[in-house]
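In: Need coordinates for the below:
(chains A and B)
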Number of protein chains: 2
Amino acid sequence: MSALPPVSAENERKSSRTRRRLLDAAAKLFKERGYAGTRQEDIADAAAIRAASVYYHFSSKEELMGEVLDHGIARCFDAVTASVDALGPEASFRARLQAAVAAHLDMLLRHGDYTAANIRSFGQVPEPIRRRHWPLREAYGDYWRVLLESGQRSGELQQGADLSLLRMLLLGSVNWAIEWYDPRRKTADQIAVTVVGMFLDGVAGEADGVTDTSGKVVALNRSK
Amino acid sequence: MSALPPVSAENERKSSRTRRRLLDAAAKLFKERGYAGTRQEDIADAAAIRAASVYYHFSSKEELMGEVLDHGIARCFDAVTASVDALGPEASFRARLQAAVAAHLDMLLRHGDYTAANIRSFGQVPEPIRRRHWPLREAYGDYWRVLLESGQRSGELQQGADLSLLRMLLLGSVNWAIEWYDPRRKTADQIAVTVVGMFLDGVAGEADGVTDTSGKVVALNRSK
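Out: Numbering: from 1, shown residues only, chains lettered A, B, ... in the order given. Below you'll find the model as predicted:
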C-alpha cells in the first residue's frame, strides 16, 4: 500500500469549514424548495463551491440530506443533555424539564434552516436515508421519554398520564415555533417558561369547571 | 355578445368532481415532493386527467397550490365553527374549546394530504399566492383568538395569560399530530380530551413544586 500524503491540521480545518458551508447551503435549499426540488448542483452553487469539489465531501444529494437531518437532531440532543446535566442530580423534574425545553427551543430557532428542512422534507426523503437517520431520532425521543418517566416516578407528573402522547403534544407545541417565532417579541427562555407552566399547571382561571362535551359541569377542579 | 351554451346540472357535478380529483392529487404531490418539486403535468398524470383539461380548471400550478391551501383551512374552519355552535350559547369555555380542538384535529387528520401540503410547502410558495391565502388563514386564527378571549372574560382562562402565545402553543401541539398520529391507538376525540386537559389543568402530579431554573423550589402550586 502506498503511503497517503500527511493531512495537515490547516487542511483539515479548511475541509471541515467547506463541509459545513455545504451543509448550511443544503439545509437552506431543502427548507425553501423541499428535497425533490433541490439538485446537488444548486447546493454547490449556493455554497459557491465547484460541483466536482462537492463530491469530495458528499457522494450524493441523499448523503447531504442525511447529514442535514442528523445535524439538526444531534445539535438539539447535545444542547438539551448539557443543559439538563448542568443542573446537577438534585434538580427537580420541573427544573430539568424547563432546561430541556429551553435548550431544544433555542437550538430549533438558532439553526432554523436545519429544523425546517427536517420538518418539511423528512417525508420526501428516500427510505434508506430515513432508515439510517432513524436511530438518532429515536434516541432523542427516548431521552424525552426517560425524562418524563422520571417525573412520574418522583410524583411530579400525574400517575397514569399517557406519557408518549404527552411527549408528542409537548414537543409539538415547541416545534411549531419555527412557524411563528418572532425574536423581537420573546426569547426562547421566556417561551419555555410559558410552555412548561402550561404543560404542568395548565392555564385555567379560577372560574374553571370540568365539563363534558355537552357543556355540563361535572366537577370543579381548582381549589385555589 | 354570443350566448354561452347552458350548463347542465350533470355537467356541473362532473366538473366539480374533476376539480376535486385534481386538488386531491395536487395536495398529495405537494406533500410528497414539495411545491418546487411538483410540476403541473405530474398532477395531471396522478389525477389521470389530460394536461390540456387541467388548464380548463386551473390556469397554473400556483393556482392549484392556492386552492389546496385555502381548502385545508376552510374545511377546518367550517368543522370547528359547526362543532362549537352546536353546543349552544350556554356552553362553558372548556366545552367549546374541547369541541374546537376535536374538530380541528379530526379535519387535520382526515384530510392529511392538504394539511401536510400546507405545512410542508407554505414556505416554498410564491409571495402572491401566500398573500391571497393570508386573509383566510388570519380569519381562522382570529376565530381561535376570540374563543380564548371569551374564556379569559368568563374567568375560565387565567387573567394576564399571553393569549397569542398560548394559541400558538395549543395549535402547535395539535398540528404536530400529522407527524405522529396512529389511528390504531387513539381517536381524534380522545386526543382532544388529553390536549384540553393538559392545556387547562396541566399534568403535574401531587409532589409538584414551582422552581426557578436553578432547581430551587420557590412556591408550591398545588393544593389537592
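In: Now the lengthiest helix in chain A: buried residues?
Out: Longest helix of chain A, by residue count under DSSP state H: helix A:127-153. Across helix A:127-153, burial judged by 16 or more other Cβ atoms under 10 Å in any protein chain shown covers A:Ile129, A:Arg130, A:His133, A:Leu136, A:Arg137, A:Tyr140, A:Gly141, A:Trp144, A:Leu147, A:Leu148, A:Gly151, A:Gln152. Every residue, glycine included, has its C-beta placed from N, CA and C.
In: Could you see whether chain B lies near it?
Out: Yes. Using Cβ under 8 Å from any Cβ of the partner chain, helix A:127-153 reaches chain B at A:Gly151, A:Gln152.
In: Give me the contacts around the next helix or strand after that helix.
Out: Note on helix A:127-153: by DSSP states H and E, the next helix or strand toward the C-terminus is helix A:163-175. With contacts defined as Cβ atoms under 8 Å, 6 or more residues apart in numbering or on different chains, helix A:163-175 is touched by A:101, A:104-105, A:108, A:115, A:119, A:141, A:144-145, A:148-149, A:152, A:157, A:195, A:198-199, B:168-170, B:172-177, B:179-180, B:186, B:191, B:194-195, B:198, B:203.
In: which residues does A:His104 contact?
Out: Taking Cβ under 8 Å, 6+ apart as the contact definition, A:His104 lies against A:Cys76, A:Ala79, A:Val80, A:Leu171, A:Val174.
In: Tell me which stretches of chain A form helices.
Out: A:9-33, A:40-47, A:51-57, A:61-85, A:93-110, A:112-121, A:127-153, A:163-175, A:177-180, A:188-201.
In: and the longest helix of chain A with helix A:112-121, angle?
Out: Between helix A:127-153 and helix A:112-121, the angle formed by their directions is 110 degrees, by axes from the mean of the first three to the mean of the last three Cα atoms, to 10 degrees.
In: which secondary structure elements does helix A:127-153 contact?
Out: On a contact count with 3 or more Cβ pairs under 8 Å, 6 or more residues apart in numbering or on different chains; DSSP states H and E, helix A:127-153 meets helix A:61-85, helix A:93-110, helix A:163-175.
In: List the buried residues in the shortest one.
Out: This means helix A:163-175. Neighbour-count burial for helix A:163-175 [16+ other Cβ under 10 Å]: A:Leu163, A:Leu165, A:Leu166, A:Arg167, A:Met168, A:Leu169, A:Leu170, A:Leu171, A:Gly172, A:Ser173, A:Val174, A:Asn175.
In: Next: the longest one.
Out: Of the residues in helix A:61-85, those with enough neighbours to count as buried (16+ other Cβ under 10 Å) are A:61-77, A:79-80, A:83-84.
In: can you list contacts of that helix?
Out: Contacts for helix A:61-85 (Cβ under 8 Å, 6+ apart): A:22-23, A:26-27, A:30, A:35, A:38-40, A:43, A:58, A:91, A:96, A:99-100, A:102-104, A:106-108, A:111, A:114-115, A:117-118, A:121-122, A:125-126, A:128-129, A:132-133, A:136-137, A:139-140, A:143, A:147.
In: circling back: so which of the buried residues of helix A:163-175 comes closest to A:Ser15?
Out: A:Asn175 (32.5 Å; Cβ to Cβ).
In: And A:Glu156, how far from A:Ala204?
Out: In this view, A:Glu156 and A:Ala204 are 19 Å apart by Cβ to Cβ, to the nearest Å.
In: More neighbours: which of those two?
Out: Each of A:Glu156 and A:Ala204 has its neighbours counted (other Cβ atoms under 10 Å in any protein chain shown); A:Ala204 has more, 26 against 22.
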